[in-house]
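Trainee: Sequence and predicted model, in that order:
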Amino acid sequence: MIPKVYKEVIDLGDGREISIETGKLAKQAHGSVVVQSGKCMLLCTVVSNYKQSDVDFLPLTVDYREKFAAAGRYPGGFFKREARPSNGEILTMRLVDRVLRPLFPKDYHSETQVMIQLMSHDEDVMPDAMAGLAASAAIQLSDFPFECAISEARVGRINGEFIINPSRAQLEESDIDMMIGASADSVMMVEGEMDEISEEEMAEAIKFAHEAIKAQCAAQEKLAKAFGKKEVREYEAENADEDLAKKVHDMAYDKVYAVAKAGSAKQQRSAAFSEIKDEITASFSEEEQEGYGNLISKYYRKAEKAAVRDLTLNEGLRLDGRKTDEIRPIWCEVDYLPSTHGSSVFTRGETQALATVTLGTSRDSNQIDMPSHEGEERFYLHYNFPPFCTGEARPIRGTSRREIGHGNLAQRALKGMVPEDCPYTVRVVSEVLESNGSSSMATVCSGTMALMDAGVQLKKPVSGIAMGLISDADSGKYAVLSDILGDEDHLGDMDFKVTGTADGITACQMDIKVKGLSYEILVKALQQARDGRLHILTKLTDTISAPAEDVKPHAPKMVTRIIPNEFIGALIGPGGKVIQELQKETGTTIVINEDPVTEEGIVEILGTDQDGIDAVLAKIDSIMFKPEVGSVYEVKVIKMLDFGAVVEYMEAPGNEVLLHVSELAWERTENVSDVVNMGDVFDVKYFGVDARTRKDKVSRKALLPKPEGYVERPPRDRKPNNRGRDNRRNDRRPRRD
């Protein structure tokens, strides 16, 4: 039986379309769609258990995978099967998760899985820009309790014109690469990188993307209506007790307010809050505690949040005693680690990041091998967040998605400031040693200083700051918080991180938790973030005002040399013998790549000893040496023969040529040793390739004056034989009768 297919088409306005289709594939899932643009096709399925899990959070898993078959390729490596997700896939998962999660009810705890798969790839379509649309469209066809349709769109800007969902090639020309997640009414998530744009330009880009998202949300609703929107499932909601909520609020509010107003440090504040909670819990009998379950803790957290927010809105004070626009104390240090190529420590309040820089060749680049993108990164940043940085003890099981996401944000913030002609592959590693606030922004700051300490000639230093927002819709009050604490991140209405130079924004990440946030408030928040960012930037430049003029003595020096392809084989040698011996003798690392445009060889020479680098350069010069006809060169005798001497060009060791006995002197020479000996150095003139011998010809006598009375011997008359050849024969065979 042919299934009935439902389809909606979204017009992107420039000849491109996005279609959403359901009814053909994966019908046992609670919701499934195929989203297509060009030849790019995503299959998204959603499933949620009908039984509530025994947890107090939403166990939501968003999984995004790209199938290699979608691009007609095999998975790389020995194991020919898709395995753990790549960094690119994980970053897409995070983008979708951050928009979906807040729209489920707070008391919905059923295990929920969203699976998005790239089934067909198109070089001109970036699939991650459609992942949020696919996830929301599938949920709209399900019976999940979900607030409203959402979507995500990428926005770029080329020659001042905004464009929705640009191709990867278009992004190369764009000065903006932002992903925006939103519903029809509200922007909820922003993440991206920019080429030093202003706060107003960033707001305009968000507005532009939001208009496109509204059309995508409308298409989802239309599809769900045509398909037959299911009734929202019933689920066992959490217990609620309004009387208990009021009682706990009255017991906790004033005490929490007083502790919050005292402006204490994190550990003291946490201990005081725990004491209040324990005191309130102890005021109930054991039977009451058992009967209420986790409601006492839930209502206490609600009262604590209300007290802290009111303190900020009413008095402009924060948990640690700061004003809303005040930055915590900062101290910095560079060149902290003696053996690294570059290092720095950045400490802001109770957040600390130690960054290191390592310099290498193109062989050390980060290889990207995804069905939708192949390439390499010559600048990359890794971020580590060990449990001790928050005073916790927990097992470490590989790199977390959070670490990948925060590292990517810091990498995007800095990479635009690394000069295009930087010869090195640069790896930055940030070790978060303390965390109470944004460690990703601390990573940007420590990374900037470490790069400058390493001698990487950054175009401009970059700083970053994490901002927060507390607002009250009823009263119209709001407060923008600079340099937020970890607690303020949880209780606020917006968490946004902004990085940039003194001239503009280079990267951002925002999660907006309130509906209908006005663009006026957003721009004001961005302007306050700029003030804080510039304050932090001053602290960085006070510590290190400019990049070091050169790399450290123990760090490798990099020299790049371009050579024609015809000489690459000679430099490598048979079986790599020449290049391997050269590396061993000079203590260098030599990497040879081919420029795809000029088709020339790019030789990278990396070494700590300048003499070793110079020796490699001399070898390359020697291999590439070509004498010019009519020029005079200094040579050295390296071998004596009966019919001449083998000489080596002094300016290109290894390049040898035969100096024939007849070219030693004007007088007849019986023995070569009568004129020259081993090790003699003298000048010769180069005459090019001899037509008869087809070998290079050099002459010593051509530079000597002719003796008096010297008479040039006439050339011998060579009569051709009856076959038209020279009478001289190398092989005289007996005549046959």
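Mentor: Now that the structure is in, tell me what you want to look at.
Trainee: Could you measure from L481 over to Q509?
Mentor: Counting by CB to CB, to the nearest Å, the gap from L481 to Q509 is 16 Å. To be clear about C-beta, it is placed using only N, CA and C from the backbone, and glycine gets the same treatment.
Trainee: Kindly report the same for R269.
Mentor: Here the distance between R269 and Q509 works out to 26 Å (CB to CB).
Trainee: Also G587?
Mentor: Distance from G587 to Q509, counting by CB to CB: 43 Å.
Trainee: quick one: which of these two has more around it?
Mentor: Taking G587 and Q509 together and counting by other CB atoms under 10 Å, Q509 has the greater number of neighbours (27 against 14).
Trainee: Looks to me like Y253 is in a helix.
Mentor: Yes - counting by DSSP: H, G, I helix; E, B strand; the rest coil, Y253 is found in a helix.
Trainee: where along the stretch 451-600 of the chain do the strands fall?
Mentor: Under the criterion DSSP state E, counting those that start in this stretch, the stretch 451-600 of the chain contains strands at 463-471, 478-482, 494-501, 504-512, 557-563, 589-594.
Trainee: now stretch 439-459: how far from the chain's centre is it?
Mentor: Per CA atoms, centre = their mean, to the nearest Å, the displacement of stretch 439-459 from the mean C-alpha position of its chain is 15 Å.
Trainee: buried set for that stretch?
Mentor: Of all the residues in stretch 439-459, those buried under the rule 16 or more other CB atoms under 10 Å are 439-456, 458.
Trainee: Among these, which ones are in helices?
Mentor: Restricting those to those inside helices, with DSSP state H as the criterion, leaves 439-453.
Trainee: list the buried ones in stretch 116-133?
Mentor: Residues of stretch 116-133 classed as buried under the neighbour-count rule (16+ other CB under 10 Å) are 116-122, 125-133.
Trainee: first vs last residue of that stretch, how far apart are they?
Mentor: 10 Å (CA to CA, to the nearest Å).
Trainee: average pLDDT for it?
Mentor: For stretch 116-133, the mean pLDDT works out to 96.
Trainee: Also stretch 251-261?
Mentor: Here stretch 251-261 scores 92 as its mean pLDDT.
Trainee: And for stretch 313-327?
Mentor: 90.
Trainee: Report pLDDT for the spatially closest residue to V444 that is not a sequence neighbour.
Mentor: Spatial nearest neighbour of V444, excluding adjacent residues (CB to CB, 6 or more residues apart in numbering): G464 at 3.7 Å. You'll see G464 listed with a pLDDT of 96.
Trainee: count of residues packed around G464?
Mentor: Here the neighbour count serves as a burial measure; for G464 (other CB under 10 Å) it reads 30.
Trainee: oh, and call the first residue 349 from now on, that's how I've got it
Mentor: All set: I'll call the first residue 349, so the last point we hit is now G812.
Trainee: in the sheet, who's paired with it?
Mentor: Going by DSSP bridges, G812 is paired in beta bridges with T847.
Trainee: Run through the residues that contact it.
Mentor: Under the criterion of CB atoms under 8 Å, 6 or more residues apart in numbering, the contact partners of G812 comprise 758, 761, 786, 788-793, 845-848, 855, 881, 884.
Trainee: And it, how far from G611?
Mentor: Here G812 is placed at a distance of 25 Å from G611 (CB to CB).
Trainee: what does S786 give?
Mentor: The spacing between S786 and G611, counted by CB to CB, is 20 Å.
Trainee: quick one, which of the two is more surrounded?
Mentor: Of the pair S786 and G611, S786 is the one with more neighbours under other CB under 10 Å, namely 27 against 13.
Trainee: so how far is E740 from the residue nearest to the more buried one when sequence neighbours are not counted?
Mentor: Once its chain neighbours are removed from consideration, S786 has its nearest residue in A814; the separation is 3.2 Å (CB to CB, 6+ apart). With distances defined as CB to CB, the gap from A814 to E740 amounts to 20 Å.
Trainee: With L839 instead?
Mentor: Distance from L839 to E740, by CB to CB: 20 Å.
Trainee: R666 now?
Mentor: Relative to E740, and taking CB to CB, R666 is found at 24 Å.
Trainee: who has more neighbours, the two?
Mentor: R666 (26 against 8).
Trainee: give the contact list for the more buried one.
Mentor: Taking CB under 8 Å, 6+ apart as the contact definition, R666 lies against 611, 659-660, 672, 829, 833, 836.
Trainee: From those, keep the buried residues only.
Mentor: Neighbour counting by 16+ other CB under 10 Å classes 659-660, 672, 829, 833, 836 among these as buried.
Trainee: Serialize these to CSV and add fields for distance to E459.
Mentor: Compiled in CSV, the buried ones among the contacts of R666 are given as follows (distance: CB to CB, whole Å):
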residue, distance to E459
L659, 37
T660, 36
T672, 40
L829, 35
L833, 32
E836, 31
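Trainee: With respect to L519, which of these is nearest?
Mentor: For the buried ones among the contacts of R666, the residue nearest L519 by CB to CB is L829; the value is 32.9 Å.
Trainee: was I right about that closest one contacting G840?
Mentor: Yes - shown here, L829 and G840 form a contact pair, counting by CB atoms under 8 Å, at 6.8 Å.
Trainee: Name the residues contacting each of the two.
Mentor: Taking CB under 8 Å, 6+ apart as the contact criterion, the residues that touch both L829 and G840 are 816-818.
Trainee: Grab the longest helix from the protein for me.
Mentor: Counting by DSSP H, the longest helix found in the chain is helix 547-575.
Trainee: and the gap between S830 and P809?
Mentor: Using CB to CB, one gets 19 Å for the distance from S830 to P809.
Trainee: higher neighbour count, the two?
Mentor: The residue with the greater number of neighbours, taking S830 and P809 and applying other CB under 10 Å, is S830; the counts read 24 against 21.
Trainee: what separates that one from A1013, distance-wise?
Mentor: Noted for S830: a distance of 87 Å to A1013, by CB to CB.
Trainee: Could you do I358 as well?
Mentor: Counting by CB to CB, the gap from I358 to A1013 is 89 Å.
Trainee: Can you pick out the residue with more neighbours from those two?
Mentor: Under the criterion of other CB under 10 Å, the comparison of I358 against A1013 puts I358 first, with 20 against 15.
Trainee: Can you name the residues that contact the residue lying closest to M906 once chain neighbours are set aside?
Mentor: Spatial nearest neighbour of M906, chain neighbours left out: P771 (4.2 Å); criterion: CB to CB, 6+ apart. Listed by CB under 8 Å, 6+ apart, the contact set of P771 reads 906-908, 952.
Trainee: hang on, P771 in a helix?
Mentor: No - P771 sits outside any helix when classified using three-state DSSP, being coil.
Trainee: Leaving out sequence neighbours, find the closest residue to H597.
Mentor: Leaving out its chain neighbours, H597 is closest to A651 (CB to CB, 6+ apart), at 4.4 Å.
Trainee: State the number of residues packed around the one you found.
Mentor: What A651 shows, counting by other CB under 10 Å, is a neighbour count of 25.
Trainee: same thing with the one 5 residues further on?
Mentor: Using other CB under 10 Å, the number of residues around V656 comes to 25.
Trainee: so how far is H597 from it?
Mentor: Here the distance between V656 and H597 works out to 13 Å (CB to CB).
Trainee: Any buried residues in stretch 1020-1039, and which?
Mentor: Of the residues in stretch 1020-1039, those scored as buried under the neighbour-count criterion (16+ other CB under 10 Å) are 1020, 1023-1024, 1032-1034.
Trainee: same thing with stretch 989-1003?
Mentor: Applying a neighbour-count criterion of 16+ other CB under 10 Å, one finds 992-993, 995-997, 1000, 1003 buried in stretch 989-1003.
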